[in-house]
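Novice: based on what follows, work out the 3D shape:
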Amino acid sequence: MKTITGIAKRVPLELIFWIGALIGIFLIDPYGSHHFTLCPLENLGFHWCPGCGLGRAMSLLSKGDLKASWSMHPLAMFAFAVIIYRIIELIRNFKTTKNYG
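Specialist: Residues are numbered from 1 along each chain as shown. Take a look at the predicted model:
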């Protein structure tokens, strides 16, 4: 347990967050009829939000369903690319500043 906490203290929190977000995206069932939402507009009763559907669209994209992903939210490909790019940059920065590579 001490080794896990030691590694977690050395690794940037943002990197842990983005990797956890990608794992969450991979685990979402986009084909399910009911889904949990954190959207404040949806919870207030509004039926349109510019960000709603982005997580499910990214999940569809990770499963290879490009057409359904694009129809659910057109910015899913861009958001997925930004998250992957940010993870790569954080790892690259971590390796160069900590002399691990």
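Novice: can you give me the helices for this structure?
Specialist: 2-10, 13-27, 40-43, 54-62, 66-72, 76-98 (DSSP state H).
Novice: can you give me the buried ones in the shortest one?
Specialist: The neighbour-count check on helix 40-43 (16 or more other C-beta atoms under 10 Å) flags nothing as buried. From N, CA and C alone the C-beta is placed, and that goes for glycine too.
Novice: measure how far that helix is from the centre of its chain, please.
Specialist: Helix 40-43 sits 20 Å away from the centroid of its parent chain (C-alpha atoms, centre = their mean, to the nearest Å).
Novice: and what of stretch 67-83?
Specialist: Stretch 67-83 has its C-alpha centroid displaced from the chain centroid by 11 Å (C-alpha atoms, centre = their mean).
Novice: can you give the contact residues for that stretch?
Specialist: With C-beta atoms under 8 Å, 6 or more residues apart in numbering as the test, stretch 67-83 has contacts from 18, 21-22, 30, 52-54, 56-58, 60-62.
Novice: now it: buried residues?
Specialist: Neighbour-count burial for stretch 67-83, counted by 16+ other C-beta under 10 Å, picks out 69, 72-73, 76, 79-80, 83.
Novice: farthest pair in those residues?
Specialist: Spatial extent of the buried residues of stretch 67-83 (C-beta to C-beta) is set by the pair Met72 and Ile83 at 17.0 Å.
Novice: could the contacts of stretch 67-83 go into TSV alongside distance to Lys2 and pLDDT?
Specialist: Compiled in TSV, the contacts of stretch 67-83 are given as follows (distance: C-beta to C-beta, whole Å; pLDDT from 0 to 100):
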residue	distance to Lys2	pLDDT
Trp18	25	93
Ala21	26	90
Leu22	27	92
Pro30	38	81
Cys52	42	80
Gly53	42	83
Leu54	38	87
Arg56	38	87
Ala57	40	90
Met58	35	92
Leu60	40	92
Leu61	38	92
Ser62	34	92
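Novice: out of the buried residues of stretch 67-83, which is nearest to Leu90?
Specialist: Ile83 (10.7 Å).
Novice: kindly write the PyMOL command that selects the buried subset of the contacts of stretch 67-83.
Specialist: If you want just the buried ones from the contacts of stretch 67-83 in PyMOL, going by 16+ other C-beta under 10 Å, the selection is:
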select buried, resi 18+22+30+52+53+54+56+57+58+60+61+62
